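Colleague: quick one: sequence plus predicted model below, questions after.
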Amino acid sequence: MKPRREEVELAFRGLRDRIVASLAALDGGEFVRKTWERPGGGGGEMSEIRGGLFEKGGCNFSAVHGERYPTVPEGQANAADEALGIRAPTPAEVGGKPFFATGVSLVMHPRNPFVPVVHMNVRYIEAGDAAWFGGGTDLTPFAPFDEDTAHFHETLRKTCGQARYERLSRWARDYFFIAHRHSERGVGGVFFDYLRASEESFAFTKAVGDAFLPAYVPIVEKRRETPYGEAEREKQLRWRGRYVEFNLIYDRGTLFGLKSGGNVEAIFMSLPPLVAW
């Protein structure tokens with residue numbers, strides 16, 4: 001039995017509100033909210049902060065619908081695991097069919113180079129008769145600390161369970177890979193897509209969203225006062241370039257948002273305020 005659209009949308013709005021409140025308190029600043037409407041149906045709300053701790057960050061919510069699903073599934077070779085309920089729909093199932101999509105998408109770009117960039121996304125999509133969840137979270141430090149990486153991954157391991165964590169962390173390594181750089185984007189996390197909709201998969205997706213704050217906030221609190229100079233800042237801006245490259249070339253959420261007529265400002269919220277190559 002799949003959950004109702006309204007139930008998923010309400011849960012995702014609540015997740016957005018909890019994250020925004022927690023990160024605003026951590027920064028000492030405020031997220032500015034801005035609503036937008038999609039001409040083809042639905043819309044969303046941007047929540048953006050430009051503070052002392054977070055040079056730029058956003059946590060966006062959207063719920064859109066339309067008459068024609070805007071793209072066909074991508075990355076299907078890595079999206080088949082019947083034991084976990086993962087099965088990509090075929091183009092015939094969803095191509096040109098009415099669709100509904102809702103989700104939360106978050107990216108935080110800290111000012112201090114030693115506080116890592118972080119991404120989190122959860123989403124629910126209906127197209128034709130198919131419905132599925134997707135999402136994940138990953139950490140992108142300029143200067144990795146083994147203990148921070150271990151904490152982030154252990155939080156996700158406890159959330160997912162060992163077997164599911166092994167599958168989804170491997171998927172994250174494959175997905176967050178910058179092919180033209182021959183390297184991963186960061187130190188990984190978990191990623192999943194095409195998790196066929198059911199009450200169990202809904203509960204799991206909510207758990208992944210809820211794991212974000214305990215996985216990330218302790219790292220921020222530990223590293224936010226680490227001293228740094230111009231040399232570290234310059235290296236940080238160059239490292240951010242890889243983040244931009246991935247999001248503009250490979251990121252499914254970015255591509256789906258653009259193809260579905262989403263709000264361009266909200267879609268590019270993930271990009272850092274300053275970057276260098």
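Modeller: The structure has been received and is ready for your questions. Residues are numbered from 1 along each chain as shown.
Colleague: all contacts plus neighbour counts: C-alpha atoms, from now on.
Modeller: Noted.
Colleague: where does the residue nearest to Glu225 when sequence neighbours are not counted fall, helix, sheet strand or coil?
Modeller: Spatially, and ignoring its direct neighbours in sequence, Glu225 is nearest to Asn112 (8.0 Å; Cα to Cα, 6 or more residues apart in numbering). Of the three states, Asn112 takes coil according to DSSP: H, G, I helix; E, B strand; the rest coil.
Colleague: Asn112 contacts Arg224, correct?
Modeller: Yes - counting by Cα atoms under 8 Å, Asn112 does reach Arg224; the two are 6.5 Å apart.
Colleague: tell me if Val190 really is in a strand.
Modeller: Yes - assessed with three-state DSSP, Val190 lies in a strand.
Colleague: coming back round to it: give the contact list for the residue nearest to Glu225.
Modeller: 53, 224-226, 228, 233 (Cα atoms under 8 Å, 6 or more residues apart in numbering).
Colleague: give me that answer again for 10 Å
Modeller: 52-55, 142, 220, 223-229, 232-233, 236 (Cα atoms under 10 Å, 6 or more residues apart in numbering).
Colleague: try Phe31
Modeller: Contacts of Phe31 (Cα under 10 Å, 6+ apart): 20-21, 23-24, 46-51, 57-59.
Colleague: so which of these belong to helices?
Modeller: Within the contacts of Phe31, residues falling in helices by DSSP state H are 20-21, 23-24.
Colleague: in TSV: the residues you listed, plus pLDDT, neighbour count and distance to Phe204.
Modeller: Formatted as TSV, the ones in helices among the contacts of Phe31 follow (pLDDT from 0 to 100; neighbours: other Cα atoms under 10 Å; distance: Cα to Cα, whole Å):
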residue	pLDDT	neighbour count	distance to Phe204
Val20	98	22	21
Ala21	98	12	23
Leu23	98	21	23
Ala24	98	16	26
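Colleague: would you reformat the residues you listed as TSV and include distance to Thr137?
Modeller: Shown next, in TSV, are the ones in helices among the contacts of Phe31 (distance: Cα to Cα, whole Å):
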residue	distance to Thr137
Val20	16
Ala21	19
Leu23	16
Ala24	19
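Colleague: fine by me, we can end here.
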